[in-house]
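J.: Predicted model and sequence follow; I will ask about them next.
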Amino acid sequence: MNEADAARILERLILEYGLPSSPRSFLQFENPFQILVLTILSAQTTDKQVNSIRDDLFSRYPTPAELARADKSDLEEIIRSCGYFHAKAKYLIESARALVERFEGRVPRDMGSLVSLPGVGRKTANIVLNHAFGIDEGIAVDTHVRRLARRLGLTDESDPDRIEQDLVRIFPRSDWGKINYLLIMHGRQTCTAKKPMCRSCPLTGLCRYYREEFELDKGEG
């Protein structure tokens, strides 16, 4: 896909969903530490589920220092409903210890430092940088962004890091935070994993999936 078509996709999604006045998170956080923790927890579960345990979690462990001293079994019990709770508890405690020991208890503001934390990859780091600090170092590729990028024809890749590389090449840096938010909104409301609502989608004229699934059928008919 060329940059002109990518720009048209962005324009149509903005018309459909609008844009928040500040970086929009689907996770309910109050500071950089919280968005880091919640994003680690969000792997393989829903934002709604993560948000449902945030009050219990942060009333017990409000700072990196307190999380670093957490009893793993106690933490696991709080986050159990988020799935993969053994691994996630391990990552949270180890990341909190790293924040205390290497970063004076503060969440770092650069990609290299963030991805050095246990359990933190580029997706989590991009979300923290954008949502907590307003810094665009890349585009967070979650399951919605991955699905839509492939369906639209923005990428042919399957690996999230390679998908991100394709997206940052085709969209200007000033739009990186916007495209993440808009693709997630579209993936949740229209371009769902099962039974996407293609007939009512504002992107039909720009979408590879639509052309292959519907226009080809029309031509064969």
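T.: Great, that's in hand. Numbers count the residues shown, from 1 in each chain.
J.: got a list of contacts for the helix or strand that contains residue 168?
T.: With secondary structure defined by DSSP states H and E, residue 168 is part of helix 160-170. Contact with helix 160-170 is made by 1-3, 6, 122-123, 126, 138-141, 145-146, 149-150, 154-155, 157, 176, 179, as judged by CB atoms under 8 Å, 6 or more residues apart in numbering. Placement of C-beta: from N, CA and C, glycine included.
J.: Name the residues of the host helix or strand of residue 10 that are buried.
T.: Using DSSP H and E, the element containing residue 10 is helix 3-17. Within helix 3-17, the residues that count as buried by 16 or more other CB atoms under 10 Å are 5, 6, 9, 10, 12, 13, 17.
J.: Report the angle between that helix and helix 160-170.
T.: 100 degrees (axes from the mean of the first three to the mean of the last three CA atoms, to 10 degrees).
J.: how distant is helix 3-17 from the center of its chain?
T.: Centre-to-centre, helix 3-17 and its host chain are 19 Å apart (CA atoms, centre = their mean, to the nearest Å).
J.: Now that helix - C-alpha only, CSV.
T.: Output of helix 3-17 as CSV, limited to C-alpha atoms (Å, rounded to 0.1, in the frame of the first residue of the first chain):
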residue,chain,number,x,y,z
GLU,A,3,1.4,6.4,1.6
ALA,A,4,-1.5,8.2,-0.1
ASP,A,5,-3.9,5.3,0.5
ALA,A,6,-2.6,5.0,4.1
ALA,A,7,-3.4,8.6,4.7
ARG,A,8,-6.9,8.1,3.3
ILE,A,9,-7.4,5.2,5.7
LEU,A,10,-6.4,7.5,8.6
GLU,A,11,-8.7,10.2,7.5
ARG,A,12,-11.7,7.9,7.2
LEU,A,13,-11.0,6.4,10.6
ILE,A,14,-10.8,9.8,12.2
LEU,A,15,-14.1,10.8,10.7
GLU,A,16,-15.6,7.5,12.0
TYR,A,17,-14.2,7.6,15.6
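J.: and that helix, average pLDDT?
T.: In this model, helix 3-17 has a mean pLDDT of 96.
J.: Now tell me what touches it from outside.
T.: 152, 154, 170-171, 175, 178-179, 182-183, 185-186, 189, 202-203, 206.
J.: Separate out the buried members of the residues you listed.
T.: 152, 154, 170-171, 175, 178-179, 182-183, 185-186, 202-203, 206.
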